[in-house]
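[1] Requesting a structural model of the entry that follows:
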Amino acid sequence: MQTTTASRSDLDSLLDLNRDYIKSVQASDVRRFDEILADDFLCTNPDGSLVDRAGFLKQTARPVGISKLEAHDVTVRIMGDVAIIHARTTYTRPDRAVQAAGAMPHASSARASATCACIDRSIRTSGAGAQLQ
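    Presented below is the predicted three-dimensional model:
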């Protein structure tokens, strides 16, 4: 698979999309997710279950039980019209313990249109029983 060199605007748009995604998880911002998720969006939850766009929006409407959700070590790989964004996340659980989540990749439409759309999200957590929601 050939990786292409991204223009600065492509990279900035994808980094903005990733920041919006993280902020929207923390804020349970269904409206913003409705704007940035592709129609065929899929999400693999930490428990391994797969949800489609409608299911994701429904579960996102419930407030999360974590705070201080942040992405670290964000890298973007653009391959034609698709990009894969990898990041490590940290958050604070309700018991105030800081939890580090594992790699959190997702793919986003890079240059298919003037805007980017998140098409897939896979979330892995570290530690026994770790959950984002």
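
[2] can you give me the helices in the chain?
    8-27, 30-36, 53-60 (DSSP state H).

[3] I'd like the mean pLDDT over the last one, please.
    The average of the pLDDT scores along helix 53-60 is 95.

[4] Show me what that helix is packed up against.
    Helix 53-60 sits against helix 30-36, strand 37-44, with contacts defined as 3 or more CB pairs under 8 Å, 6 or more residues apart in numbering; DSSP states H and E. Glycine gets a C-beta too; all of them are placed from N, C-alpha and C.

[5] and what of the first one?
    In terms of contact count using 3+ CB pairs under 8 Å, 6+ apart, helix 8-27 is assigned the packing partners helix 30-36, strand 67-79, strand 82-92, strand 106-109, strand 117-122.

[6] can you give me the angle it makes with strand 82-92?
    Counting by axes from the mean of the first three to the mean of the last three CA atoms, to 10 degrees, helix 8-27 lies at 40 degrees to strand 82-92.

[7] and the angle from helix 8-27 to strand 67-79?
    Computed by the same axes, to 10 degrees, the angle between helix 8-27 and strand 67-79 is 150 degrees.

[8] By neighbour count, which bits of helix 8-27 are buried? Give me those.
    Neighbour counts using 16 or more other CB atoms under 10 Å place D10, S13, L14, L17, N18, D20, Y21, I22, S24, V25, Q26 of helix 8-27 among the buried residues.
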